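Novice: How does the following fold in three dimensions:
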Amino acid sequence: MIPNGRGFSTVELITALTIGALVLGGIVAALRQFQTTPRRSLGEVGIHNQLRSASATIKQDVSNAESFEAGTSPVYGIFRWLDFSAFPPTRHRVEYLWEEKVLYRQEYIGNVAEPLLPLVHMIEVVGDVSYTVTTTVNPLIPTSTERLLTVSITVTSEDLSADQVDDFQQSTTLEVSLRPEQTNPIEYQYYFLHNKPTPPVAATNARVNLPLSSTIPTTTTLYNYDQDRNSDAGLTLVLSSAVDETDKTKHQDWRSDALAQSITIVGRINLFLMGAADGFASGHKMLAIATFKDYDPGLDASTVIGNRALAWFTSSSGWTQVTLKGNAVAYTLAAGHKIEVTVQFDTQSGADGMLAYDTTTLQAFLMLPTLP
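Specialist: Reported below is the predicted structural model:
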């Protein structure tokens, strides 16, 4: 009541209620904005973190990749490389693709697919991501070119609440340099060193011209491959410094089957061995030598390919991985010819040498870089 005893008039009541409703509506709107803004901010932060993580992953793949090729929608691009830190070296293929509004990374190691990795969500359409390669002339070296990969990713948010907050977009663009494009991409062919017979099932006497093939070893046990010489597992070779050694106790040959078609080697031939000093004596400096050859069955003669490959290693109480790298060559083996490799230990070694091969865990193999 007012002091003179009169009540509020109808107009005054309506005015008061209207003002109160306006004030209350403003308070409700403010509270709603207060509640929604943190959710939107958190959503933006989450998207930013996804884009940042995806950029780091792409940069790492570019750093590893020996080659990049554009994909066919919904695949944006494919990176490929060979991992020499593994034994044997493993082939990697990584694809970036779009599916159901998500940018995924799919990696294959050898022929085995790794779990599909989601990188960025809320990619509305496949065109919101692009992988573009541009080639430019190197300003410092006009005769050479540089390849630049530009990756653009645009995220469109979904409604962050039932209150229909306006959608927003967030984008990122990444530019990274690719390795120079190879005019003739190199493919690697693998030839594993085997015993005879293969797979091994028991100890054998020493043999000449052991098999060399693309068949991966399947035996888990390392047998004695020269039981007529000693009782140790694997193969033992007496030291020799001869370039064309003929003593079978001082070198070992492996030969492939006749090639069905010619192959052209371009680059370094690598041989991966498992070596040790005689009796697994530790601490000896050992020098392994490999000679790569082109064997012509018609002439029963071999032609050396490039220089001999040499590798020092220090013996231990077990088998040691040894990598012998030949010099870079450009050489064609004709169809019908055979690939041959000879291994020996030089007299500069501290003890006779031993070799292990043709088992699942003790593999020795030749890696040839060839034209497709």
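Novice: switch to C-alpha atoms for all contacts and neighbour counts from now on
Specialist: Fine.
Novice: just so I have it, where are all the strands in the stretch 101-250 of the chain?
Specialist: 102-109, 112-113, 117-121, 129-137, 145-156, 169-178, 187-193, 210-213, 235-237 (DSSP state E, counting those that start in this stretch).
Novice: Let me know which of those is tucked in deepest.
Specialist: Stretch with highest mean neighbour count among the strands of the stretch 101-250 of the chain: strand 235-237 (a mean of 26; mean count of other Cα atoms under 10 Å).
Novice: So what touches that strand?
Specialist: 206, 224-226, 249-252, 278, 344-345, 352-356 (Cα atoms under 8 Å, 6 or more residues apart in numbering).
Novice: Let me see the mean pLDDT of that strand.
Specialist: The average pLDDT within strand 235-237 is 98.
Novice: just checking, next helix/strand downstream of it?
Specialist: Under the assignment DSSP states H and E, the closest C-terminal helix or strand after strand 235-237 is strand 252-256.
Novice: which helices and strands sit right next to that next one?
Specialist: Here strand 252-256 touches strand 210-213, strand 338-345, going by 3 or more Cα pairs under 8 Å, 6 or more residues apart in numbering; DSSP states H and E.
Novice: right, and those - which one's nearest residue 170?
Specialist: Closest of the helices and strands packed on strand 252-256 to residue 170 is strand 210-213, at 53.4 Å (criterion: Cα to Cα).
Novice: Just the CA coordinates for the closest one, please, in CSV.
Specialist: The C-alpha trace of strand 210-213 is given here as CSV (Å, rounded to 0.1, in the frame of the first residue of the first chain):
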residue,chain,number,x,y,z
LEU,A,210,73.6,-72.3,-51.4
PRO,A,211,70.2,-71.1,-52.5
LEU,A,212,69.3,-67.4,-52.6
SER,A,213,65.6,-66.6,-52.9
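Novice: Check which helices and strands it sits against.
Specialist: Going by 3+ Cα pairs under 8 Å, 6+ apart, strand 210-213 lies up against strand 187-193, strand 252-256.
Novice: Can I get these in CSV including mean pLDDT and distance to residue 211?
Specialist: What follows is these, written out as CSV (pLDDT from 0 to 100; distance: least, Cα to Cα, whole Å):
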stretch, mean pLDDT, distance to residue 211
strand 187-193, 92, 7
strand 252-256, 98, 5
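Novice: Reformat the ones you listed as a markdown table; add distance to residue 50.
Specialist: Below are the helices and strands packed on strand 210-213 laid out as a markdown table (distance: least, Cα to Cα, whole Å):
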| stretch | distance to residue 50 |
| --- | --- |
| strand 187-193 | 35 |
| strand 252-256 | 50 |
